[in-house]
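K.L.:
Structure here, sequence nowhere to be found:
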């Protein structure tokens with residue numbers, strides 16, 4: 001009887017640890033944008049909105065001060 005209880009406890013701990021590690025990996029990689037400092041806008045902007053990356057005139061940028 002002790003063996004069966006011990007096996008069940010080990011199995012439950014295994015499932016618990018497996019689910020905790022799986023959630024940690026998913027949480028780190030979900031949808032983080034790269035944010036960089038734009039020297040023309042003098043602000044932190046996402047890489048898609050960066051003035052020099054899109055070939056825009058930096059004075060026409062919405063973040064330009």
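P.N.:
Structure received. What you are looking at is a predicted structure, and each value in this text was computed from that prediction instead of being measured. Numbering: from 1, shown residues only.
K.L.:
same question for stretch 19-30, mean pLDDT?
P.N.:
Along stretch 19-30, the predicted local confidence has a mean pLDDT of 61.
K.L.:
do stretch 47-63 as well
P.N.:
Over the span of stretch 47-63, the pLDDT mean works out to 67.
K.L.:
residue ranges of the strands in this structure, please?
P.N.:
Along the chain, the segments classed as strands by DSSP state E run 35-38, 43-46.
K.L.:
Domain map for this protein?
P.N.:
Following automatic domain parsing, one finds the domains of the chain at 1-30, 33-65.
K.L.:
For stretch 36-48, which residues meet the burial criterion?
P.N.:
Within stretch 36-48, the residues that qualify as buried are 38, 40, 41, 45, counting by 16 or more other C-beta atoms under 10 Å. In short, each C-beta sits where N, CA and C put it, glycine included.
K.L.:
count of residues packed around residue 32?
P.N.:
When neighbours are counted by other C-beta atoms under 10 Å, residue 32 registers 7.
K.L.:
separation between it and residue 38?
P.N.:
The span separating residue 32 from residue 38 equals 19 Å under the rule C-beta to C-beta, to the nearest Å.
K.L.:
follow-up on the earlier one: could you dump the buried residues of stretch 36-48 into a markdown table with distance to residue 9 added?
P.N.:
A markdown table is the format used below for the buried residues of stretch 36-48 (distance: C-beta to C-beta, whole Å):
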| residue | distance to residue 9 |
| --- | --- |
| 38 | 55 |
| 40 | 61 |
| 41 | 57 |
| 45 | 52 |
